[in-house]
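Enquirer: All I have is the shape, not the residue letters:
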């Protein structure tokens with residue numbers, strides 16, 4: 001969000017912030033749902049029982065359609081294959097293995113080059129990705145693609161767990177719905193259009209968490225979604241306070257790995273099943289956990305391959321207007337084919353296991369908060385890549401590899417945005433040619449250099 005708009009929004013009284021959230025919710029619902037939503041959900045559920053042969057046939061037909069559209073309508077791919085032809089390369093574009101692996105930097109550098117010629121970005125839904133290198137990228141989808149996406153999402157989360165339509169739910173996310181300096185509730189907004197309580201992940205200090213628990217009861221929330229670290233912080237405090245009035249129907253985790261201890265704590269506090277989900281804004285792969293505890297792939301989203309030591313490379317099948325082919329998502333895992341091993345839930349969807357990646361460290365504040373969603377700090381910044389290191393509890397180092405046009409003003413904006421999220425911290429910005437890589441050659445977007453004792457002490461700190 002534009003800093004000026006955010007500042008004006010934060011000056012609004014709480015009821016008007018909720019009204020603004022409801023307007024945004026109405027807009028999102030207009031994109032996501034229609035008179036055809038129920039049929040999309042039912043079609044998705046029917047595919048849960050497809051045989052291996054049915055999925056193979058569907059995948060091959062869909063893949064060929066996407067590849068043909070990419071090579072004829074999408075500038076980036078059309079140029080790639082024309083260049084290969086001029087060099088005498090006769091490899092067939094019809095075979096997926098003949099396509100190069102696509103890096104995020106290529107999409108980030110020129111996202112419009114991946115948009116089909118017959119599409120107008122002004123009439124499409126634009127979403128920023130999380131940006132695992134510290135720099136986000138943009139993805140455009142048509143209204144039909146957005147509707148299909150949410151038909152699958154709703155079918156394989158709420159419908160699997162028999163969550164009734166219209167259930168009030170809460171999301172703990174990374175939007176700055178309240179000023180960071182605010183020390184009194186509400187740290188949330190009520191999105192009437194979506195029946196959603198959107199709760200700030202930036203205000204989860206130990207002494208403020210009881211307010212969150214009270215709000216869950218006050219708004220009659222029965223379903224929760226959010227980062228495992230944030231949900232775990234809520235759950236730990238709920239158990240310490242002996243709260244037994246927080247029973248949910250289901251809880252869904254995303255964006256971070258879910259560890260066994262987190263799952264046990266969250267399930268005990270909210271007296272319900274905890275389901276892990278997997279996905280990314282680029283929507284080239286996704287998965288959700290069934291009641292039997294296995295993570296089932298959503299084949300409609302993409303074709304998943306492995307390269308090297310299990311790294312996932314995915315070809316998007318859901319969004320033919322901005323196709324990402326053999327896209328390196330930055331995670332590692334193991335996939336099992338359809339029907340490889342019957343699941344106790346009765347579904348024949350392929351499974352996904354041993355997920356690794358996106359294990360960036362979490363920043364912590366002096367008042368005991370964990371700051372997970374830090375990517376908006378770099379939204380709109382002309383940077384090639386970036387990294388934040390927490391050197392001391394109140395000292396951060398930001399390493400930025402500038403793109404053309406990066407100025408002192410951009411640097412000042414990064415510092416201001418970090419302080420909005422972290423409080424009164426010292427921020428040092430280092431401009432570098434290349435952000436240092438880890439042993440596996442990747443950029444870690446966030447690094448914590450705090451000792452285990454320092455982190456533990458900070459997370460126990462009072463305000």
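Expert: Noted; the coordinates are in hand. These figures come from a predicted structure and were not determined experimentally.
Enquirer: going forward, measure contacts and count neighbours with C-alpha atoms only.
Expert: Fine.
Enquirer: Quick one: the helices in the protein, in order.
Expert: 3-10, 14-32, 37-47, 52-73, 75-86, 104-109, 143-154, 209-218, 228-240, 260-270, 408-422, 452-459 (DSSP state H).
Enquirer: Tell me the buried residues in the shortest one?
Expert: Buried residues in helix 104-109, defined by neighbour count with 16 or more other Cα atoms under 10 Å: 104, 107, 108.
Enquirer: Now do it: which elements does it pack against?
Expert: strand 327-336 (3 or more Cα pairs under 8 Å, 6 or more residues apart in numbering; DSSP states H and E).
Enquirer: for the strand it packs on, which positions count as buried?
Expert: 327, 328, 329, 330, 332, 333, 334, 335.
Enquirer: pLDDT and distance to residue 122 added to these, as TSV?
Expert: Listed next are the buried residues of strand 327-336 as TSV, based on pLDDT from 0 to 100; distance: Cα to Cα, whole Å:
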residue	pLDDT	distance to residue 122
327	95	25
328	91	27
329	87	26
330	78	29
332	76	35
333	78	36
334	76	38
335	75	37
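Enquirer: Nearest to residue 150, out of the residues you listed: which one, please.
Expert: Distance to residue 150 across the buried residues of strand 327-336 (Cα to Cα) is lowest for residue 329, with 20.9 Å.
Enquirer: Surely that closest one touches residue 313?
Expert: Yes: at 6.2 Å, residue 329 and residue 313 qualify as touching, with contact defined as Cα atoms under 8 Å.
Enquirer: do you know how far the closest residue to residue 312 other than its chain neighbours is from residue 257?
Expert: In space, and not counting its chain neighbours, residue 312 is closest to residue 306: 4.9 Å by Cα to Cα, 6 or more residues apart in numbering. Going from residue 306 to residue 257 by Cα to Cα, to the nearest Å gives 19 Å.
Enquirer: who has more neighbours, the two?
Expert: A direct count of neighbours by other Cα atoms under 10 Å for residue 306 and residue 257 places residue 257 higher, at 19 against 15.
Enquirer: can you list the weak-confidence ranges in the chain?
Expert: Scanning the chain for pLDDT under 70 picks out 1-3, 130-135, 337-340, 354-361, 373, 437-443, 461-463.
Enquirer: per-domain residue ranges of it.
Expert: As assigned by automatic domain parsing, the chain contains the domains 3-32+162-272, 54-141+298-336, 363-459.
Enquirer: what's the first-to-last distance across the shortest one?
Expert: Taking Cα to Cα, the span from the opening residue of domain 363-459 to its closing residue is 11 Å.
Enquirer: With stretch 283-292 instead?
Expert: So stretch 283-292: terminal residues 25 Å apart, Cα to Cα.
Enquirer: what about it, distance to the chain center?
Expert: Centroid separation for stretch 283-292 versus its chain: 13 Å, with Cα atoms, centre = their mean, to the nearest Å.
Enquirer: OK, contacts around residue 210?
Expert: For residue 210, the contact set (Cα atoms under 8 Å, 6 or more residues apart in numbering) comprises 237, 238.
Enquirer: And residue 239, how close does it get to residue 267?
Expert: Applying Cα to Cα, the value for residue 239 to residue 267 is 11 Å.
Enquirer: Which one's more surrounded, these two?
Expert: Ranked by neighbour count (other Cα under 10 Å), residue 239 and residue 267 place residue 267 first, with 20 against 15.
Enquirer: ok, the more buried one - contacts?
Expert: 273, 274.
Enquirer: Residue 90 now?
Expert: residue 84.
Enquirer: Pull up the gap between it and residue 201, please.
Expert: 52 Å.
Enquirer: repeat for residue 239
Expert: Residue 239 is 19 Å from residue 201, by Cα to Cα.
Enquirer: what number of residues lie near residue 88?
Expert: By other Cα under 10 Å, the residues close to residue 88 number 9.
Enquirer: which residue sits closest to residue 93, ignoring its sequence neighbours?
Expert: Nearest residue to residue 93 in three dimensions, chain neighbours excluded: residue 99, at 6.9 Å (Cα to Cα, 6+ apart).
Enquirer: For the one you found, which residues are in contact?
Expert: Contacts for residue 99 (Cα under 8 Å, 6+ apart) come out as 93, 325, 326.
Enquirer: what's the answer for residue 272, then?
Expert: By Cα under 8 Å, 6+ apart, residue 272 lies in contact with 247, 248, 249, 250, 251.
Enquirer: one more time with 10 Å
Expert: Residue 272 makes contact with 222, 223, 246, 247, 248, 249, 250, 251, 266 under the criterion Cα atoms under 10 Å, 6 or more residues apart in numbering.
Enquirer: One more: residue 278?
Expert: Per Cα under 10 Å, 6+ apart, neighbours of residue 278: 253-257, 285-289, 295-298, 352, 355.
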